[in-house]
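1. Need coordinates for the following:
(chains A and B)
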Amino acid sequence: GDSVTQMEGPVTLSEEAFLTINCTYTATGYPSLFWYVQYPGEGLQLLLKATKADDKGSNKGFEATYRKETTSFHLEKGSVQVSDSAVYFCALSGAGSYQLTFGKGTKLSVIP
Amino acid sequence: DAEITQSPRHKITETGRQVTLACHQTWNHNNMFWYRQDLGHGLRLIHYSYGVQDTNKGEVSDGYSVSRSNTEDLPLTLESAASSQTSVYFCASSESSVKTQYFGPGTRLLVL
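-> Model (predicted):
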């Protein structure tokens, strides 16, 4: 079945540092890929998505590129802020499905 | 503005009791989903519905049931609550032909 593996946290960075959170997936066909963010005490919010190979999703300075050859969708941001502290989830939706399969989440803490 | 709400936000119950968690969305979305979030597991799908009178089991459906009598609501029932069902529960919805899901704020359930 479909699965998502993302790097385990927690990750602690200083403000303005570069962020990478790795995400790889296993799925048949061409899934859609997502990054969701969960701020403390809240539900999940869509951060960005990509629906086909080589697509780049971007939002709020975050980027991720759908790499079919490496089955990856790594999340990056050039300069993190304290307000980026949250839990980040990589997810996929398989071809022909509307369900999401999530990774276990990566907690990011950004310190001033 | 359209939204998705969950109630109650916090619930404490005893083992063996029946519990119902409410989910209401005003997006007019056909697709609705219930997830549970546990440390070390990310989000796991419990049940989902693609329209009125349609319900389907997800990855962790044992001990849970749902019913869909209208477009707006998908209540989740724990037939006989168990301590293993202590968790945070999230409801989500999406349009029929779109994979992006919108999440509610969550219900924190403690089963004693």
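2. give me the number of residues near residue B:64?
-> 19 (other Cβ atoms under 10 Å in any protein chain shown). Every residue, glycine included, has its C-beta placed from N, CA and C.
3. try residue B:30
-> 18.
4. Secondary structure element holding the nearest residue to it once chain neighbours are set aside?
-> Counting by Cβ to Cβ, 6 or more residues apart in numbering or on different chains, residue B:30 lies nearest to residue B:96, which is 4.4 Å off, once chain neighbours are set aside. Residue B:96 is part of no helix or strand when elements are defined by DSSP states H and E.
5. Roughly how far does the residue nearest the centre of chain B sit from residue B:60?
-> Nearest to the geometric centre of chain B sits residue B:34, at 3.1 Å (Cα atoms, centre = their mean). Using Cβ to Cβ, to the nearest Å, we find residue B:34 at a distance of 10 Å from residue B:60.
6. list the residues that contact both of the two?
-> The contact sets of residue B:34 and residue B:60 overlap at B:45, B:46 (Cβ atoms under 8 Å, 6 or more residues apart in numbering or on different chains).
7. Which residue is the nearest non-sequential neighbour of residue A:56?
-> Of all residues not flanking residue A:56 in the chain, residue A:65 sits nearest, at 4.7 Å (Cβ to Cβ, 6+ apart).
8. Check the burial of the one you found by counting its neighbours.
-> 17.
9. So it sits against residue A:55, correct?
-> Yes: judged on Cβ atoms under 8 Å, residue A:65 makes contact with residue A:55 at a distance of 7.3 Å.
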